[in-house]
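# Quick one: sequence and predicted model below, then my questions.
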Amino acid sequence: MSGHSKFANIKHKKEKNDAAKGKIFTIIGREIAVAVKEGGADPANNSRLRDVIAKAKANNMPNDTIDRGIKKASGELGSVNYEHVTYEGYGPGGIAIIVEALTENKNRTASNIRNAFTKGSGSIGTQGCVSYMFDQKGQIIIDKEEYETDADELMMIALDAGAEDFSEDEDSYEILTDPDEFSAVRQALEDQGIPMASAEVTMIPQNYVTLTDETALKQLNRTLDLLDEDDDVQAVHTNLEE
C-alpha cells in the first residue's frame, strides 16, 4: 500500500481546517453530542467518546471546549437530537462521492447537499450506488516527523493491538483496522505515547480514479467546497487520486 500518501491529504485537510477552525470544532462538537447521548458522559466507560476526544485533541481543540461540549451534551442544553444521514452520488468524470452528515433537519441537509452536487455538475444517487467501491476501515496516520522510531517496532505494537494492516510512506505510517477494533488499537497507541496525525473510522476507496480534465476537476472542487462549507456535513469521501 506504500506509494499513495494519505498524509499529504491529511495535511491538506488540516490546512483548510486551520483557516476555518469553527467548522472542524462544529463537526467535533456534534460528534461529542452523539457519543454522549449514545454512551454517556464518562470517557472511561464510553470508547466512542474517547475516540472523539482524541480526534478533538489532534485538531487542537482546547480542553475547556471539549469539557464544555461534554457537559452541554449531558445536560439540559443537549436536547438537540442529531441524526446520522449518508448521501451517495457521482461527480464529474464518474468520481464516486460519499457524504456523511449529522443533522437535526434532514430536509435542509438533503436540499443543501443536492445543491452542492448540482452546482458541480454531479448527481445524487441511491443508497449503495457507490459505497460498494469503498471499504469502511479504522485509519490511523502517524507523522514520521512527530514519531521517529523503528518501523518494525511500531508495526508490532499496532498488530498486537489488533490492527489489520501496516504500511509506510515517505512521510508517514498508516495503520488500518476493522472498525470494531479501531478504539482498542487507537487506545494502545495512545498508551504508548505515540502521536497520531489522524485517527478515525473512514471510507477507503478500493481503487483511485485520476481526473485529468481541468473543467471536470474545477466542477468537482466546486461541489467539495460547498460540502466543506456546510455545517451539517461531517465527512466527505471520494475515490479521486489526489
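That came through fine.
# From one end of stretch 229-238 to the other, what's the distance?
Distance between the two ends of stretch 229-238: 17 Å, counting by CA to CA, to the nearest Å.
# What of stretch 192-206?
Chord length of stretch 192-206, first to last residue, is 31 Å (CA to CA).
# Show me what counts as buried in it.
With burial defined by 16 or more other CB atoms under 10 Å, the residues of stretch 192-206 counted as buried are 194, 196, 197, 198, 199, 200, 201, 202, 203, 204, 205. C-betas here are computed from N, CA, C, even on glycine.
# Surely the fifth one is within a strand?
The one in question is residue 199. Yes: judged by DSSP: H, G, I helix; E, B strand; the rest coil, residue 199 forms part of a strand.
# and the longest helix for this structure?
helix 21-39 (DSSP state H).
# Just the buried positions in that helix, please.
In helix 21-39, counting by 16+ other CB under 10 Å, buried: 23-36.
# What of stretch 59-76?
Here stretch 59-76 shows 59, 61, 66, 69, 70, 72, 73, 74 as buried, counting by 16+ other CB under 10 Å.
# Pop the domain breakdown of this structure in here.
6-79, 83-132+207-238, 134-205 (automatic domain parsing).
# how about those domains in CSV, adding mean pLDDT?
Shown next, in CSV, are the domains of the chain (pLDDT from 0 to 100):
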stretch, mean pLDDT
domain 6-79, 80
domain 83-132+207-238, 95
domain 134-205, 93
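# send the alpha carbons of stretch 81-93 over as PDB?
Output of stretch 81-93 as PDB, limited to C-alpha atoms (Å, rounded to 0.1, in the frame of the first residue of the first chain):
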ATOM      1  CA  ASN A  81     -31.200  15.300  18.600                       C
ATOM      2  CA  TYR A  82     -28.800  14.800  15.700                       C
ATOM      3  CA  GLU A  83     -29.400  12.100  13.100                       C
ATOM      4  CA  HIS A  84     -26.800  10.300  11.000                       C
ATOM      5  CA  VAL A  85     -27.600  10.600   7.300                       C
ATOM      6  CA  THR A  86     -25.500   9.400   4.400                       C
ATOM      7  CA  TYR A  87     -25.700  10.500   0.700                       C
ATOM      8  CA  GLU A  88     -24.000   8.900  -2.300                       C
ATOM      9  CA  GLY A  89     -23.500  10.100  -5.800                       C
ATOM     10  CA  TYR A  90     -21.200  10.900  -8.600                       C
ATOM     11  CA  GLY A  91     -19.200  14.000  -9.500                       C
ATOM     12  CA  PRO A  92     -17.800  14.800 -12.900                       C
ATOM     13  CA  GLY A  93     -15.800  12.100 -14.600                       C
END
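# Much appreciated, bye for now.
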